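Student: Could you look at this predicted model? Sequence included:
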Amino acid sequence: MKHVRPEAECRALLRHWFTDQGDPESAALHGARVAALASALGRALGIRDEDWLSSLWLGSAVHDIGKLAVPDSILRKPGRLTLAEWATVRLHPEWGALLVGRFGMPESVQEMVRHHHEHWNGSGYPDGLAGEEIPLCARVVCVVDVYDALTSDRCYRRALTREQALEVMQQESGTTLDPDIFRVFRESLLAPAPMLAAS
């Protein structure tokens, strides 16, 4: 991000983020779904620290806030992105981390926003972290983020079913996704009395 936005502008952006409910494809609604599932997944992983879980919810809700700096013409493009457009999209975690830092949100929230596109095998971005170098909260968000993206309608494809999404994610387990977190997510989602509510 080339400049630091004034505080009043930052606050207006945050208000917009949490009130943008009109478009089912909006990043804000995606964030709300990810936050609900991530909180449930945190508990399924055995985490009982309420402060940690609260940070997980907040970081999940705003994980894509950096997309406010990405033009709609790119975000809603129905076809394949150009290399330049994809490079712009890949900047959203860094932009988002700067923005939530500007609000004074906890460091753990900044980490989630910055690192939710890191991959278990180190092939992600922006920092190429691998395995347990990636903060646990960001690994949780990554799993749920992928699931919600796959099971939601997008301008370039229809939503997958729960089973189809889990099959795709199984192939990504151990490469993109933390395999242990994905295992708990899958088992919780498919349990007879599921701990996680399917989107």
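Tutor: Arrived safely. Residues are numbered from 1 along each chain as shown.
Student: From the contact counts, what lies against the longest helix seen in the chain?
Tutor: Counting by DSSP state H, the longest helix found in the chain is helix 27-44. Where contact means 3 or more C-beta pairs under 8 Å, 6 or more residues apart in numbering; DSSP states H and E, helix 27-44 is packed against helix 7-19, helix 50-61, helix 136-150, helix 179-190. C-beta coordinates here come from the backbone N, C-alpha and C atoms, glycine included.
Student: For those helices, please prepare TSV with the additional fields distance to Ala44.
Tutor: Shown next, in TSV, are the helices and strands packed on helix 27-44 (distance: least, C-beta to C-beta, whole Å):
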stretch	distance to Ala44
helix 7-19	26
helix 50-61	11
helix 136-150	10
helix 179-190	4
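Student: closest to Ser73 out of those helices?
Tutor: helix 7-19 (18.5 Å; C-beta to C-beta).
Student: Model confidence at the most centrally placed residue in the chain, what's the number?
Tutor: Taking C-alpha atoms, centre = their mean, the centroid of the chain lies closest to Asp145, which sits 4.3 Å from it. Note on Asp145: pLDDT of 95.
Student: Contact partners for the residue nearest to it when sequence neighbours are not counted?
Tutor: Spatial nearest neighbour of Asp145, chain neighbours left out: Val34 (5.5 Å); criterion: C-beta to C-beta, 6 or more residues apart in numbering. By C-beta atoms under 8 Å, 6 or more residues apart in numbering, the contact set of Val34 is 60-61, 63, 141, 144-145, 148.
Student: Could you check how far Arg80 is from Trp86?
Tutor: 9 Å (C-beta to C-beta, to the nearest Å).
Student: ok, the two, which is more surrounded?
Tutor: Trp86 (11 against 8; other C-beta atoms under 10 Å).
Student: secondary structure element for that one?
Tutor: Using DSSP states H and E, Trp86 sits in helix 83-89.
Student: Which elements pack onto that helix?
Tutor: helix 72-75.
Student: what's in contact with the helix it packs on?
Tutor: Outside helix 72-75, the residues that touch it by C-beta under 8 Å, 6+ apart are 27, 67, 81, 85, 88-89.
Student: What is the nearest of those residues to Ser123?
Tutor: Of the contacts of helix 72-75, the one sitting nearest to Ser123 (C-beta to C-beta) turns out to be Val89, at 16.1 Å.
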